[in-house]
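J.: could you look at this predicted model? Sequence included:
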Amino acid sequence: MGTKEQPRLVVFRSSRFIYAQLVNDEEGKVLASASDLSLKKGTKIEKASKTGQEIAKKAKNQDIQKIVFDRAGYQYHGRVQALAEAARKGGLKF
């Protein structure tokens, strides 16, 4: 459950793309989102890493440092892990 101070980082992974959203569950609002739809070059893992960097950057612009990570049932490896590690390097704390 995400709050305004500590939103939930939701990950959705399709066969081609990966999406990330910061959600405030108390108000039912999406605070920020990022995806790899516009990225043309790179492997899926590289694109997921860039998506993690982008969501971390958007979170910092809103003064968000702590989050709750919601991997939505996906195993923590591959693209999901790359996104999470890039978000951590971007300054987010899980």
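T.: Arrived safely, thanks for sending.

J.: tell me where the model's unsure across the protein.
T.: Low-confidence segments of the chain (pLDDT under 70): none present.

J.: residue boundaries of the helices in it?
T.: Ranges of helices in the chain, per DSSP state H, are 44-61, 79-89.

J.: how about residue 26, nearest residue that isn't a chain neighbour?
T.: For residue 26, ignoring the flanking residues on the chain, the nearest one in space by C-beta to C-beta, 6 or more residues apart in numbering is residue 3 at 5.5 Å. Every residue, glycine included, has its C-beta placed from N, CA and C.

J.: kindly present the helices of the chain as a markdown table, with separate columns for distance to residue 36 and mean neighbour count.
T.: Below are the helices of the chain laid out as a markdown table (distance: least, C-beta to C-beta, whole Å; neighbours: other C-beta atoms under 10 Å):
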| stretch | distance to residue 36 | mean neighbour count |
| --- | --- | --- |
| helix 44-61 | 4 | 20 |
| helix 79-89 | 9 | 20 |
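
J.: for the residue nearest to residue 26, what are its contacts?
T.: Residues in contact with residue 3 (C-beta atoms under 8 Å, 6 or more residues apart in numbering) are 24, 25, 26.
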